[in-house]
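Enquirer: need a structure here:
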Amino acid sequence: MNQDTARTLFEHGAFLILQDVPEGTDFGIDWNSWVTGPKFEGVKMIPPGVHFVFYNTVSKYGGQPAPRTGFFHNFKSKEIMVKRWSPQTEELLDQHCIEDELTAIRGKLQDLDKHLAAYPYDTLKKWVSMTNELTADVTEKLQPDDRKIRSVLELLPHESTPDDMDTGRTRPTDKDGLPCLNVNPTTVIHFSPIPEQWYPPGAKPSEMTQHSMDSSYVLSTLLARYEKPENILGELQFTFVCFILGQVFDAFEQWKKLVRVICFCECDLNNHIDLFKSFVTVLYHQINEIPVDFFVDIVSSNNFLVSTLSRMFNNIEASCFDEELQAKATKFRKYLTKKYKWKFNAEPEDWAPVVVEL
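Expert: Residues are numbered from 1 along each chain as shown. Alright, predicted model coming up:
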């Protein structure tokens with residue numbers, strides 16, 4: 001990067017100022033990560049848009065790192081975000097600066113420059129391709145109330161009841177005498193609810209069978225939750241980032257559910273042509289970031305993606321009227337077959353629908 005380009009990015013990019021971060025902390029933004037040194041004070045030249053910042057501390061005495069914590073933020077051009085490390089909670093806490101304080105920090109940016117890591121622009125294209133459908137609105141809708149993505153949910157003691165007080169227990173316990181704990185609701189990610197049963201209330205037995213084979217109903221229900229149909233792909237990208245970078249396993253489970261719902265849509269497929277075209281592109285970029293054997297079930301040896309994509313490819317081949325989508329799906333199928341040696345044939349026996357007898 002030449003000096004003129006660097007100067008322009010410095011003047012128009014955003015700044016993440018991090019105060020008192022312990023040396024040796026694993027820290028990252030988007031697809032980049034580092035181990036912090038003694039003089040690390042943040043990141044400069046962050047391009048405008050949605051980004052994911054993550055970190056976990058490592059004990060100076062060795063051992064396993066602490067669970068990962070991260071946050072999404074829609075950085076504006078020239079924005080200055082300030083956070084300070086809390087030794088008590090081992091988290092980065094917001095520092096709400098007034099305008100005069102921000103002006104003072106902005107005046108010292110040149111002096112801070114040598115302590116700030118430059119955003120690696122050689123990975124920006126990759127980040128954009130992985131989050132092109134992830135808007136600030138979708139991020140705001142999905143992220144927890146406390147705006148932190150945690151690999152391990154925060155647990156709180158169960159509140160005492162009058163019965164507990166009568167028995168002399170200050171805190172309720174389970175059958176083994178251990179304290180009862182509840183998940184802190186402010187730390188829960190607001191994933192779109194996906195019902196286990198894909199048929200509508202009051203469906204007849206024959207309709208249950210049809211809906212169990214075709215996800216059109218549940219997909220339309222999900223799309224109605226969003227302002228735009230493509231926002232479901234934003235959630236797909238949100239869950240992927242939360243799993244790969246945030247190390248949130250529940251996000252991977254949500255990602256699989258969303259993929260299956262989209263792939264099993266048959267009757268309404270031609271009503272969502274643009275959605276399916278974009279879905280193929282999103283999946284293409286995501287699959288390239290995961291080891292080829294990652295989706296293989298260690299018990300059944302079935303590959304989730306092979307089974308699920310087989311249904312989508314069959315649906316497009318049999319029911320799609322759009323030649324461009326047909327060509328795109330065929331190209332994607334050939335790519336996966338060539339690169340990963342995946343064979344898209346019949347689905348596993350345990351995926352077959354249960355036929356309800358009248």
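Enquirer: Residue 74 contacts residue 139, correct?
Expert: Yes: here residue 74 reaches residue 139: they are 6.9 Å apart, a contact under CB atoms under 8 Å. Using the backbone N, CA and C atoms, a C-beta is placed for each residue, glycine as well.
Enquirer: ok, these two, which is more surrounded?
Expert: The residue with more neighbours, out of residue 74 and residue 139 and counting by other CB atoms under 10 Å, is residue 139; that gives 22 against 16.
Enquirer: Next, give phi and psi for the residue lying closest to that one once chain neighbours are set aside.
Expert: For residue 139, ignoring the flanking residues on the chain, the nearest one in space by CB to CB, 6 or more residues apart in numbering is residue 72 at 4.7 Å. Note on residue 72: its backbone torsions stand at phi -90, psi 150 [degrees, to the nearest 10].
Enquirer: one step back: overlap in contacts of residue 74 and residue 139?
Expert: Residues within reach of residue 74 and of residue 139 at once, by CB atoms under 8 Å, 6 or more residues apart in numbering, are residue 50.
Enquirer: Which secondary structure state does residue 310 sit in?
Expert: Under the three-state scheme (DSSP: H, G, I helix; E, B strand; the rest coil), the conformation of residue 310 reads as helix.
Enquirer: what about the strands in the stretch 151-300 of the chain?
Expert: Read by DSSP state E, counting those that start in this stretch, the stretch 151-300 of the chain holds these strands, from start to end of the chain: 155-157, 181-183.
Enquirer: Now tabulate these in a markdown table and tack on mean neighbour count, distance to residue 196 and mean pLDDT.
Expert: Listed next are these as a markdown table, based on neighbours: other CB atoms under 10 Å; distance: least, CB to CB, whole Å; pLDDT from 0 to 100:
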| stretch | mean neighbour count | distance to residue 196 | mean pLDDT |
| --- | --- | --- | --- |
| strand 155-157 | 12 | 25 | 82 |
| strand 181-183 | 12 | 20 | 83 |
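Enquirer: Could you save these as CSV and add columns showing distance to residue 9?
Expert: Supplementary listing: the strands of the stretch 151-300 of the chain in CSV, determined by distance: least, CB to CB, whole Å:
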stretch, distance to residue 9
strand 155-157, 42
strand 181-183, 41
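Enquirer: nearest to residue 226, of these?
Expert: For residue 226, the closest of the strands of the stretch 151-300 of the chain is strand 181-183, at 25.5 Å, according to CB to CB.
Enquirer: tell me what that closest one is packed against?
Expert: Packed against strand 181-183, as judged by 3 or more CB pairs under 8 Å, 6 or more residues apart in numbering; DSSP states H and E, are the following elements: strand 155-157.
Enquirer: Paired strands for the strand it packs on, with orientation please.
Expert: Strand pairing for strand 155-157, using DSSP bridges, gives strand 181-183 (antiparallel).
Enquirer: ok so, going back, select, out of the strands of the stretch 151-300 of the chain, the one closest to residue 242.
Expert: Evaluated with CB to CB, the strands of the stretch 151-300 of the chain place strand 181-183 nearest to residue 242, the distance being 16.2 Å.
Enquirer: Quick check, residue 80 in contact with residue 103.
Expert: No: at 9.5 Å, residue 80 does not count as touching residue 103 under the criterion of CB under 8 Å.
Enquirer: more neighbours, those two?
Expert: Looking at residue 80 and residue 103 with other CB under 10 Å, you find the greater number of neighbours at residue 80, namely 18 against 11.
Enquirer: which residues touch the more buried one?
Expert: Contacts here follow CB under 8 Å, 6+ apart; on that basis residue 80 touches 14-15, 17, 97, 102, 105-106.
Enquirer: which residues does it bridge with?
Expert: Going by DSSP bridges, residue 80 is paired in beta bridges with residue 15.
Enquirer: Residue 116 versus that one, what's the distance?
Expert: 11 Å (CB to CB, to the nearest Å).
Enquirer: Now do the same contact list for the spatially most central residue of the chain.
Expert: With distances taken as CA atoms, centre = their mean, the chain has residue 239 as the residue nearest its mean C-alpha position (2.4 Å). Residue 239 makes contact with 191, 251-252, 254-255, 258, according to CB under 8 Å, 6+ apart.
Enquirer: got any ranges where the stretch 51-200 of the chain has weak pLDDT?
Expert: Applying pLDDT under 70 to the predicted model, the residue ranges of the stretch 51-200 of the chain that meet it are 60-63, 158-171, 173-177.
Enquirer: if we go to 80?
Expert: Within the stretch 51-200 of the chain, the set of residues satisfying pLDDT under 80 comprises 58-64, 158-181.
Enquirer: need the helices for it, in chain order.
Expert: Using DSSP state H, counting those that start in this stretch, the helices found in the stretch 51-200 of the chain span residues 99-107, 109-112, 124-131, 136-142, 162-166.
Enquirer: how about the ones you listed in a markdown table, adding distance to residue 263?
Expert: Shown next, in a markdown table, are the helices of the stretch 51-200 of the chain (distance: least, CB to CB, whole Å):
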| stretch | distance to residue 263 |
| --- | --- |
| helix 99-107 | 47 |
| helix 109-112 | 48 |
| helix 124-131 | 20 |
| helix 136-142 | 21 |
| helix 162-166 | 48 |
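Enquirer: Tell me which of those approaches residue 303 most closely.
Expert: Comparing the helices of the stretch 51-200 of the chain by their distance to residue 303 (CB to CB), the top pick is helix 124-131, with 22.0 Å.
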